[in-house]
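Asker: A predicted structure for the sequence below; I have some questions about it.
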Amino acid sequence: MFSIDKKSGRLNEAIQLESPNCDARSVDELSLIVIHGISLPPAEFGGQYIDDFFTNNLNPALHPYFEKIKNLRVSSHLLIERSGTVKQFVPFTHRAWHAGESVFNNRHCCNDFSIGIELEGTDDIAYTDIQYDILQQLCKCLQKAYPAILKQNIVGHCDIAPGRKTDPGESFDWQRFKAKLA
């Protein structure tokens with residue numbers, strides 16, 4: 001269902017939105033997928049606030065929480081909305097700013113060698129069936145394009161930044177997700 005243009009680093013089927021919050025990668029081989037959860041405002045879904053946040057267009061006057069995050073410069077490669085819509089903010093050929101201070105298998109700076117996928121959701125509200133289906137399809141596509149991404153190299157933000165991050169949270173069903181990757 002999904003395909004990647006390896007030269008441009010674009011997912012052909014995604015809605016393309018350009019985030020300025022990225023830079024050149026320091027490695028060529030991608031070997032990690034980091035799954036995140038995000039909602040803006042917290043625990044509210046729909047709208048364009050996540051898009052605005054990743055493109056530095058979030059209006060802090062629209063919600064008190066936005067005032068707290070107005071100076072953050074973050075991005076992710078992909079966002080899977082609750083409806084299943086997929087958006088791409090950063091090409092895979094570039095480093096998105098999604099992981100922050102992080103470590104995986106004794107390698108620091110996970111942004112250097114990872115792809116960040118955001119799920120619209122929260123730690124304690126169940127993700128949608130279509131999000132699981134799309135995420136599984138995307139991960140299979142990414143594994144095909146980037147063979148160093150092994151099944152065990154698909155982790156949550158909580159796994160690479162323990163104590164600092166909790167997403168995708170207890171509501172994410174890892175067993176369900178990984179069962180279809182086998």
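Answerer: Looks like it arrived, so ask away.

Asker: List the beta-bridge partners for the spatially most central residue of the chain.
Answerer: For the chain, the residue lying nearest the average C-alpha position, counting by CA atoms, centre = their mean, turns out to be Ile117 (1.9 Å). Each beta-bridge partner of Ile117 is listed here: Ile35, Leu78, as defined by DSSP bridges.

Asker: Just confirm it contacts Glu81, I think it does.
Answerer: No: when contacts are counted by CB atoms under 8 Å, Ile117 is not listed as touching Glu81 (11.9 Å). Quick note: C-beta positions are derived from backbone N, CA and C, even for glycine.

Asker: helices or strands next to the longest helix seen in the chain in the packing?
Answerer: Determined from DSSP state H, the single longest helix within the chain is helix 129-145. Secondary structure elements in contact with helix 129-145, counted by 3 or more CB pairs under 8 Å, 6 or more residues apart in numbering; DSSP states H and E, are strand 4-5, strand 32-38, strand 78-80, strand 114-120, helix 174-179.

Asker: buried stuff in it?
Answerer: Residues 131-132, 134-136, 138-139, 141-143, 145 are the ones in helix 129-145 that count as buried (16 or more other CB atoms under 10 Å).

Asker: Contacts for that helix next, please.
Answerer: Under the contact criterion CB atoms under 8 Å, 6 or more residues apart in numbering, helix 129-145 has outside partners 1-4, 6, 11, 30, 33, 35, 78, 80-84, 86, 92, 115, 117, 119-121, 149-151, 154, 173, 176-177, 180-181.

Asker: shared neighbours of Ile117 and Glu81, anything?
Answerer: What both Ile117 and Glu81 touch, as defined by CB under 8 Å, 6+ apart, is an empty set.

Asker: could you list every residue that touches Ser76?
Answerer: Residues touching Ser76, when contacts are defined by CB under 8 Å, 6+ apart, comprise 36, 38, 54, 89-90, 96, 98, 116-118.
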